[in-house]
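Engineer: Fold the following.
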Amino acid sequence: MAVPVYATDLTTILLEFPNTTGWTAVGGGASGLAAPETDYFVQGANCISKAAWASALKGMIYDFGSGITVPTTGAVVIWINHATMNSVAAQSSGGLRMIIGSSATAYKHWYVGGNDTEILGLHNPYPVDPTLTADATTGAPSATLQFFGGLANLPSGGPTKGAPFALDAMRYGRCRMDVTEGSIADGDATFAGLESTGNSVSNRWGLIEKIKGVFLMQGFLQLGTSTTAVRFVDANRVIFWRDALKVATAFHRVEIQNASSVVTWTNITMQALGTTSRGTFVVTAGTATLTGCVFVDMGTFTFLAGTTASSTFRRCLAVTAPGSDLRDSRFETSDVAADASALVWNVATDVDGKLDRCFWSKGATAHHAIELGASAPLSTTFRNCTFSGFNAADGNNDSTFFTADRGSNQTWTINLVSCTGNFTVKKGRAGDTVNFVINPVTTLVNVKDNNNNNLDGALVYLRALDGTGPMPFQDSVTITRAGAVATVTHAAHGMETGDLVVIKGITDKTEDNAGTHAITVLTAGTYTYVTTDSGSTSYTGSIISTWIAIATTTAGGGNASKVKSYTANQPVTGWVRKSTTAPRFKPADISGTINSSSGLTISAKMVLDE
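Structural biologist: Presented below is the predicted three-dimensional model:
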């Protein structure tokens, strides 16, 4: 790539004001129009001014000569100034107005500023989307946008000499700043570089300014385009989105485009000053790395899997992260609507290693910290996360988690390792089961063949060794059946949905009820399993139930594993077999103790059964 290129899509209505040709005084005082005004212009070498004094609504309007079409979500931008802002009315009373219409006597008014909103004595670039409802109307303007100007409303005392009201550069467009190119050798694109071009005296786009070291920005910042990438690297900047009152909601926007674009921001603070357009941030392509950045009062953020953002999102709307690396980020007092979520994770990628050490705090509305979308994995792991202020009960608009409706009943497992706060959920589907596993550990059995190679397809069976651990061992139970559901009454079983048990001792058993079953927990003393039995509905015998740690075959490197949390160490025993398909091996006994803090790893080496 080459040296950075900074451009805009704005089209000129009028930049230089050598005379009053094409201008009409509004509110009287035609002789008060002064052009060229060279005393207090902001762009080029001059502007146009007017003697807009006390107890008057006065200004001027310019005939462009033909109608224009403003792009969707775009605006007309005019620099407007009144040198004695204390004398103009408040913004709500139309102290400063942009006027746009079809003739010098037929135009609409938009109230863009006033003595309560503006810095005294400064030109300001006001954007107006002419598709929005106007605040006032003069005459009967048609849909043609051909005349452009401004008015000042001075309701009482004011200046008695000079020409304090002025208009300068007038443009229209989507109000986009395009930043492309940049390289290590040629220099990176930066906010300072963009401001130097876009706010030079010869340009004054009205989209970015630097005041006392702080950048004021409005419109659409496009980093890279569909055809040209950008390398934009900057640090330690403060950017405010202007409080643009008469624009569309989506007017303020940052978008990263082009697969080859690289955007690296470090310690950048970006804050919205208003609520009409809060500023959205969208990554459509490329690599974005946001380190130590702080985003305040902004709109939505939409990232990609390749986005890395260890940043703070304070009073912002939802952050959508499809597998993005957001470790160490903070989602503070999100401003999403009730029952919405501060972070949306809707991709088939575990959050483990992506959201470690994140922080969430509830905002003014009852919202969730995280939504696990319909595409999210059913088992996820959060590490060292903090959830502050969320409801301690399930099923509420401000429960910590929200699980989406996947179209059929599902079992979700949310593993929480060294996390703090309330762990609660509101389910998008009532029939779903959501299990919170607090500080889980992994029990892993690795099986190798006689040549010390990982052996897949070996059956691993591991159960509670005795009654010294927290999980059930040969506990007496009773079982009844209703249809295909067998209900087990098992006092203080301590298990969770998805756990396995082996049932023994049923006198009227069928093969369907003998053996290992996955359970669904109903209460602390009951659970169910599914059966195809059509016999007795109340099983007899001395029935016992024992918890099973693992009952599966090895796969993916000779491993069989289980992730679960334990209140104390759990002794286990069992065996490994592979005797149904060649090569066949002799059974091997295995045992150990699952440590509640570190888990258990067992290595088993098989001997050929020759």
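Engineer: who are the neighbours in contact with Thr487?
Structural biologist: Listed by CB atoms under 8 Å, 6 or more residues apart in numbering, the contact partners of Thr487 are Ile479, Thr480, Arg481, Leu522, Thr526, Tyr527, Thr528. In short, each C-beta sits where N, CA and C put it, glycine included.
Engineer: And it, how close does it get to Val530?
Structural biologist: Per CB to CB, to the nearest Å, Thr487 is found 11 Å from Val530.
Engineer: Next: Ala140.
Structural biologist: Distance from Ala140 to Val530, counting by CB to CB: 74 Å.
Engineer: where's the closest residue to Ala374 other than its chain neighbours relative to Cys419, distance?
Structural biologist: Computed as CB to CB, 6 or more residues apart in numbering, the closest residue to Ala374 that is not its neighbour in sequence is Ala404, at 4.4 Å. Distance of Ala404 to Cys419, computed by CB to CB: 21 Å.
Engineer: try Asp350
Structural biologist: 15 Å.
Engineer: Please apply the same query to Thr180.
Structural biologist: Counting by CB to CB, the gap from Thr180 to Cys419 is 43 Å.
Engineer: Which one of these two is surrounded by more residues?
Structural biologist: Set side by side, Thr180 and Cys419 show more neighbours around Thr180, with 24 against 21, by other CB atoms under 10 Å.
Engineer: what are the bridge partners for the more buried one, then?
Structural biologist: The residues listed as beta-bridge partners of Thr180 by DSSP bridges are Val5.
Engineer: show me the contacts for it.
Structural biologist: Contact analysis of Thr180 by CB under 8 Å, 6+ apart lists Pro4, Val5, Ala7, Ala189, Gly224, Thr225, Thr228, Ala229, Val230.
Engineer: Might one say that the last one is in contact with Thr190?
Structural biologist: I take that to be Val230. No: counting by CB atoms under 8 Å, Val230 does not reach Thr190; the two are 10.9 Å apart.
Engineer: re earlier: show me which of Ala140 and Val530 is the more surrounded one.
Structural biologist: Neighbours were tallied for Ala140 and for Val530 using other CB under 10 Å; the higher tally belongs to Val530 (14 against 10).
Engineer: Looking at that one now. What's its pLDDT?
Structural biologist: The predicted local confidence for Val530 comes out at a pLDDT of 92.
Engineer: Tell me the spacing between it and Ala486.
Structural biologist: According to CB to CB, Val530 and Ala486 sit 8 Å apart.
Engineer: which residues are common contacts for these two?
Structural biologist: His517.
Engineer: What strands line up against whichever strand or helix holds Arg171, and which way round?
Structural biologist: In the assignment (DSSP states H and E), Arg171 maps to strand 165-173. The strands that strand 165-173 pairs with in its sheet are strand 11-14 (antiparallel), strand 47-50 (antiparallel), strand 75-82 (antiparallel) (by DSSP bridges).
Engineer: Show me what the helix or strand just after the first one is in contact with.
Structural biologist: Past strand 11-14, further along toward the C-terminus, the next helix or strand under DSSP H and E is strand 23-26. The set of residues that contact strand 23-26 without belonging to it, under CB under 8 Å, 6+ apart, is 30, 32-33, 35, 48, 50, 58-63, 99, 104, 149, 151.
Engineer: Now with 10 Å, please.
Structural biologist: If you take CB atoms under 10 Å, 6 or more residues apart in numbering as the criterion, strand 23-26 is touched by 14, 17, 30-33, 35, 48, 50-52, 57-63, 97, 99, 103-105, 107, 138, 147, 149-151, 167.
Engineer: Quick check on these: which are buried?
Structural biologist: 14, 17, 32-33, 35, 48, 50-52, 57-62, 97, 99, 103-104, 107, 138, 147, 149-151, 167 (16 or more other CB atoms under 10 Å).
Engineer: For Phe382, list each beta-bridge partner.
Structural biologist: With beta bridges defined as DSSP bridges, Phe382 has these partners: Leu416.
Engineer: Distance check, the residue lying closest to Ala106 once chain neighbours are set aside against Ile61.
Structural biologist: Nearest in space to Ala106, with sequence neighbours left out and distances taken as CB to CB, 6+ apart, is Gly139 at 3.4 Å. The spacing between Gly139 and Ile61, counted by CB to CB, is 11 Å.
Engineer: Common neighbours of the two, please.
Structural biologist: Gly101, Ser103, Ala104, Thr105, Tyr107.
Engineer: Write down the beta-bridge partners of the last one, one by one.
Structural biologist: When bridges are assigned using DSSP bridges, the partners listed for Tyr107 are Gly101, Thr138.
Engineer: dump the residue contacts of it.
Structural biologist: For Tyr107, the contacting residues are 26, 61, 97-101, 134, 136-139, 141, 145-149, 151, by CB under 10 Å, 6+ apart.
Engineer: could you redo the last one with a cut-off of 8 Å?
Structural biologist: The contact partners of Tyr107, taken as CB under 8 Å, 6+ apart, are Ile61, Ile99, Ile100, Gly101, Thr137, Thr138, Gly139, Pro141, Phe147, Gly149.
Engineer: Any idea how many residues pack against the closest residue to Val460 other than its chain neighbours?
Structural biologist: In this structure, Val460 finds its nearest non-sequential neighbour in Ala560, 4.1 Å apart by CB to CB, 6+ apart. For Ala560, the tally of surrounding residues (other CB under 10 Å) stands at 26.
Engineer: And Pro125, by the same measure?
Structural biologist: Applying other CB under 10 Å, we find 27 other residues in the vicinity of Pro125.
Engineer: Surely Asn203 touches Leu15?
Structural biologist: No: applying CB under 8 Å, one finds Asn203 not in contact with Leu15, separated by 9.3 Å.
Engineer: intersection of neighbour lists for these two?
Structural biologist: When contacts are counted by CB under 8 Å, 6+ apart, Asn203 and Leu15 are jointly contacted by Gln43.
Engineer: How is Ile414 assigned, secondary-structure-wise?
Structural biologist: Using DSSP: H, G, I helix; E, B strand; the rest coil, the three-state assignment for Ile414 comes out as strand.
Engineer: check contacts around it.
Structural biologist: Taking CB under 8 Å, 6+ apart, one finds Leu372, Ser379, Thr380, Phe382, Phe401, Phe423, Val425, Val434, Asn435, Phe436, Val437 in contact with Ile414.
Engineer: Give me the pLDDT for the closest residue to Ile479 other than its chain neighbours.
Structural biologist: Residue nearest to Ile479 in three dimensions, not counting chain neighbours: Tyr539, with 4.4 Å by CB to CB, 6+ apart. At Tyr539, the model reports a pLDDT of 88.
Engineer: Tyr539 contacts Thr480, doesn't it?
Structural biologist: Yes: under the criterion of CB under 8 Å, Tyr539 lies in contact with Thr480, with a separation of 7.3 Å.
Engineer: neighbour count winner among these two?
Structural biologist: Using other CB under 10 Å, the more surrounded residue of Tyr539 and Thr480 is Tyr539, with 22 against 13.
Engineer: Torsion angles phi and psi at that one?
Structural biologist: Note on Tyr539: backbone dihedrals following degrees, to the nearest 10 are phi -70, psi 150.
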